[in-house]
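Visitor: When you get a sec, could you give me coordinates for this:
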Amino acid sequence: MTDVQLTGSTYLPIEHYGVIGDLQTVALVGINGSIDWYCYPRFDSPSMFAAILDAARGGHFQITAVETAARHKQLYFPDTNVLITRFLSPDGVGELTDFMPLGRAEEHAARSIVRRVCVVRGTLHFRAECLPAFDYARASHETVVQSAGALFVPTAAIPDAPDLRMALRTNVPLTRYEDGVAGEFTLSAGQSASFILAPAGGTETLPPVVEGEVDQAFQTTVRFWRRWLARCTYRGRWREMVLRSALALKLLTYAPTGAIVAAPTTSLPETLGGTRNWDYRYTWIRDAAFTLYALLRIGFTEEAGQFMEWLEARTRELDPDGSLQIVYGIDGRHALPEEILPHLDGYCDSRPVRIGNAAYCQLQLDIYGELMDSVYLYNKHGSPISYDLWNNLRRLMDWLTRNWDRPDEGIWEVRGGRHQFVHSKVMSWVAFDRGLRIARQRGLPADEHTWRETRNQIYEQVVARGWSPVRRAFVQYYGSDILDASNLLMPLVKFMGPTDPRILATLDRTLEDLVSDSLVYRYDPAVCDDGLGGAREGTFSICTFWLVECLTRAGRTEEARLIMEKMFTYANHLGLFAEEIGPSGEALGNFPQAFTHLALISAAVNLDRALGHGPVT
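Guide: Modelled structure (predicted):
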């Protein structure tokens with residue numbers, strides 16, 4: 001638990017948020033008791049609260065102790081995603097419990113945010129403010145105050161929820177405040193007040209919050225999370241961090257389809273005041289292999305199967321030429337047009353604020369390797385794949401046979417032009433290698449001669465053109481002398497042995513050029529034209545966990561363990577990671593990021609096994 005006394009800054013640090021959710025969307029809850037990000041009804045729907053992207057216009061729902069001397073702490077109720085925010089002052093101690101109900105038969109129909117505040121010692125005065133700003137603060141609404149709460153009625157249809165009317169039910173008296181409502185109340189030890197925010201449907205008169213209603217929802221939600229987490233098989237050294245990562249990944253899962261969003265937020269900046277602000281509320285094919293590997297390694301075969309079903313559905317929707325898109329909507333939709341919201345200031349004035357992601361139009365050849373690796377892993381450790389899926393994969397492989405040698409935008413989705421990225425070639429090799437393995441293991445029909453010849457051709461080309469004798473390292477793209485942390489994946493995907501001299505040399509050059517006190521930059525934008533300007537960005541957390549795995553497989557476990565332990569100190573007070581870490585240890589980029597937590601699980605499993613003298617797989 002972090003102990004924080006807030007200074008009155010307009011924006012909370014990104015790391016000062018916790019997250020709650022109902023497997024269809026999430027809310028970010030600040031350590032000051034403010035919900036500053038919430039999209040309804042889905043992760044990628046328009047926001048209702050977006051103060052994290054514009055403190056003045058975005059909208060928020062805050063419940064906090066009025067005492068200016070109050071200190072703030074946050075923790076999760078043990079083994080759950082139920083969040084507790086504590087307010088500590090000389091006058092008393094209060095607790096705000098936040099969750100989205102789960103665990104009942106109607107868990108995907110009864111969508112709500114439940115907030116219960118109580119005092120455990122002394123007496124505290126609280127203020128609640130609910131100021132919605134529908135459709136990314138583009139839609140106006142009417143506020144109707146009633147004795148049991150308030151109704152918020154948009155004056156125009158909201159995308160994804162055209163009939164949306166939100167109701168805030170509470171027994172605390174509310175009054176009109178700006179475009180929403182506010183209320184102040186005092187509680188003494190043993191007293192509590194509750195707030196329930198949910199769609200109003202056709203309700204015109206709000207019923208009061210019934211005694212026991214909130215408590216029952218709390219108990220069923222706690223049971224839901226604990227039953228789910230009990231399936232985790234990891235018992236290693238870093239169990240607390242792995243369990244929290246698993247819980248975070250479950251929160252980022254869209255239950256109706258099994259898709260996992262890269263992150264539940266948009267436009268949180270990779271550099272404060274910069275333009276590297278992207279919408280991550282979608283599902284990348286690239287994450288597939290990491291997702292399947294992490295879930296299967298710690299016992300979540302059901303989640304792995306659901307995600308595999310989502311992947312299989314995408315292979316039935318190939319482009320006419322047989323190719324695959326790199327990123328999709330959580331419901332499987334293909335078009336994710338990028339739009340700038342100029343009326344929003346952005347987090348700490350970091351413009352532009354974007355929704356949608358134009359990367360869906362890019363060519364990124366590495367995704368075929370990640371897809372085939374995920375299928376290989378699921379076929380081996382989950383369930384045998386179907387013949388129909390295999391036929392679709394053969395179409396993909398036919399396309400890749402003809403196109404693997406093209407330049408592309410690469411793993412980092414650069415916007416400065418296409419190159420012959422080494423990582424893209426390595427993952428193309430993975431695609432053919434895993435395809436051959438699956439065909440052999442299952443006796444499935446395949447053009448094995450062509451696949452084998454192509455695989456060998458790619459391998460020899462990568463070694464000949466991707467290796468720099470001058471840098472003594474594999475480089476970012478053919479003909480360059482730029483290092484790239486994605487090459488740390490070479491031994492992880494079994495392209496080359498972890499103790500091969502070329503891998504060890506690349507590892508050493510990476511430690512020299514891209515690592516700062518254990519933290520890893522993906523590349524140096526000052527020498528790499530990625531089309532986004534040369535501003536220095538933060539270190540990429542996933543790359544640090546790749547470094548841990550690379551060192552582990554090279555037998556350098558003491559180095560790996562120290563980096564791992566240091567990395568954990570950069571998690572926030574709840575064990576959550578954003579995409580990047582800034583120069584002062586601050587969180588940067590979208591939060592929390594699934595990719596980082598997937599890499600954490602993989603690194604923890606393999607390093608723990610290596611320290612226990614078992615094989616690393």
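Visitor: Let me see the ranges of the strands in the stretch 451-600 of the chain.
Guide: 467-468, 473-474, 515-516, 519-520, 539-540, 580-581, 587-588 (DSSP state E, counting those that start in this stretch).
Visitor: so can I have TSV of those showing mean pLDDT and mean neighbour count?
Guide: Quick note: C-beta positions are derived from backbone N, CA and C, even for glycine. Putting the strands of the stretch 451-600 of the chain into TSV (pLDDT from 0 to 100; neighbours: other Cβ atoms under 10 Å) gives the following:
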stretch	mean pLDDT	mean neighbour count
strand 467-468	98	18
strand 473-474	98	26
strand 515-516	95	14
strand 519-520	97	24
strand 539-540	96	26
strand 580-581	97	27
strand 587-588	98	27
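Visitor: right, and these - which one's nearest Pro78?
Guide: Of all the strands of the stretch 451-600 of the chain, strand 587-588 sits nearest to Pro78, with 23.7 Å by Cβ to Cβ.
Visitor: Return the list of helices and strands in contact with the closest one.
Guide: strand 580-581 (3 or more Cβ pairs under 8 Å, 6 or more residues apart in numbering; DSSP states H and E).
Visitor: Adjacent strands (with direction) for the strand it packs on?
Guide: strand 539-540 (antiparallel), strand 587-588 (antiparallel) (DSSP bridges).
Visitor: who touches it?
Guide: Glu270, Leu519, Glu537, Gly538, Thr539, Phe540, Ser541, Tyr570, Ala587, Leu588, Gly589 (Cβ atoms under 8 Å, 6 or more residues apart in numbering).
Visitor: Kindly recompute the last result at 10 Å.
Guide: Residues from elsewhere that reach strand 580-581, judged by Cβ atoms under 10 Å, 6 or more residues apart in numbering: 14-15, 268-271, 276, 516, 519-522, 537-544, 567, 570-571, 586-591, 593, 596.
Visitor: If any of those residues are buried, give me the ChimeraX selection for them.
Guide: Listed next is the ChimeraX selection for buried residues among the contacts of strand 580-581, using 16 or more other Cβ atoms under 10 Å:
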select :14,15,268,269,270,271,276,519,520,521,522,537,538,539,540,541,542,543,544,567,570,571,586,587,588,589,590,591,593,596
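Visitor: can you redo the strands of the stretch 451-600 of the chain as a markdown table with distance to Pro501?
Guide: Formatted as a markdown table, those follow (distance: least, Cβ to Cβ, whole Å):
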| stretch | distance to Pro501 |
| --- | --- |
| strand 467-468 | 11 |
| strand 473-474 | 11 |
| strand 515-516 | 20 |
| strand 519-520 | 22 |
| strand 539-540 | 26 |
| strand 580-581 | 31 |
| strand 587-588 | 35 |
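Visitor: and of those strands, who's closest to Phe134?
Guide: Nearest to Phe134, of the strands of the stretch 451-600 of the chain and by Cβ to Cβ, is strand 587-588 at 27.5 Å.
Visitor: which residues sit against that closest one?
Guide: Residues contacting strand 587-588 (Cβ under 10 Å, 6+ apart): 13-17, 268-272, 274, 276, 347, 350, 537-541, 570-572, 576-582, 593.
Visitor: rerun at 7 Å
Guide: Residues from elsewhere that reach strand 587-588 (Cβ atoms under 7 Å, 6 or more residues apart in numbering): Pro13, Ile14, Glu15, Pro269, Glu270, Gly538, Asn572, Ala578, Glu579, Glu580, Ile581, Gly582.
Visitor: repeat for stretch 547-554
Guide: Contact with stretch 547-554 is made by 488, 491-492, 498-499, 504, 507, 520, 559-560, 563-564, 602-603, 606-607, 610, 616, as judged by Cβ under 7 Å, 6+ apart.
Visitor: Which entries within those meet the buried criterion?
Guide: So, by 16+ other Cβ under 10 Å, the buried ones in these are 488, 491-492, 498, 504, 507, 520, 559-560, 563-564, 602-603, 606-607, 610.
Visitor: that older thread, dump the strands paired with strand 580-581 into JSON lines; add distance to Arg415 as well.
Guide: Formatted as JSON lines, those follow (distance: least, Cβ to Cβ, whole Å):
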{"stretch": "strand 539-540", "distance to Arg415": "17"}
{"stretch": "strand 587-588", "distance to Arg415": "19"}
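Visitor: For this structure, which residues score under the pLDDT cut-off?
Guide: 1-9, 104-110, 531-535, 613-617 (pLDDT under 70).
Visitor: Give me the longest helix you can find in it.
Guide: helix 422-442 (DSSP state H).
Visitor: other SSEs contacting the strand or helix carrying Leu28?
Guide: Using DSSP states H and E, Leu28 sits within strand 26-30. Counting contacts by 3 or more Cβ pairs under 7 Å, 6 or more residues apart in numbering; DSSP states H and E, strand 26-30 is packed against strand 17-21, strand 34-39.
Visitor: Quickly run through the sheet partners of it, with directions.
Guide: In its sheet, and by DSSP bridges, strand 26-30 pairs with strand 17-21 (antiparallel), strand 34-39 (antiparallel).
Visitor: Please identify the buried residues of it?
Guide: Buried residues in strand 26-30 (16+ other Cβ under 10 Å): Val26, Ala27, Leu28, Val29, Gly30.
Visitor: So what's the residue count around the spatially closest residue to the first one that is not a sequence neighbour?
Guide: If you skip the residues right next to it in sequence, Val26 has Pro264 as its closest partner in space, 4.5 Å away by Cβ to Cβ, 6 or more residues apart in numbering. Burial of Pro264, expressed as a neighbour count using other Cβ atoms under 10 Å, amounts to 26.
Visitor: For my notes, confirm Pro264 occurs in a strand.
Guide: No. Pro264: not assigned to a strand; according to DSSP: H, G, I helix; E, B strand; the rest coil it is coil.
Visitor: and the gap between it and Asp22?
Guide: 12 Å (Cβ to Cβ, to the nearest Å).
Visitor: How about Thr283?
Guide: Distance from Thr283 to Asp22, by Cβ to Cβ: 18 Å.
Visitor: residues in contact with Leu436?
Guide: With Cβ under 7 Å, 6+ apart, Leu436 has these contacts: Glu448, Trp451, Arg452, Arg455.
Visitor: follow-up on the earlier one: which pair of the buried ones among the contacts of stretch 547-554 spans the longest distance?
Guide: Leu504 and Ser602 (20.7 Å).
Visitor: quick one on the thing from earlier: sort out for me which of the contacts of stretch 547-554 are in helices.
Guide: 491-492, 504, 507, 559-560, 563-564, 602-603, 606-607, 610.
Visitor: hey, which strand is longest across this protein?
Guide: strand 113-131 (DSSP state E).
Visitor: Taking strand 17-21 as reference, get the angle to it.
Guide: 120 degrees (axes from the mean of the first three to the mean of the last three Cα atoms, to 10 degrees).
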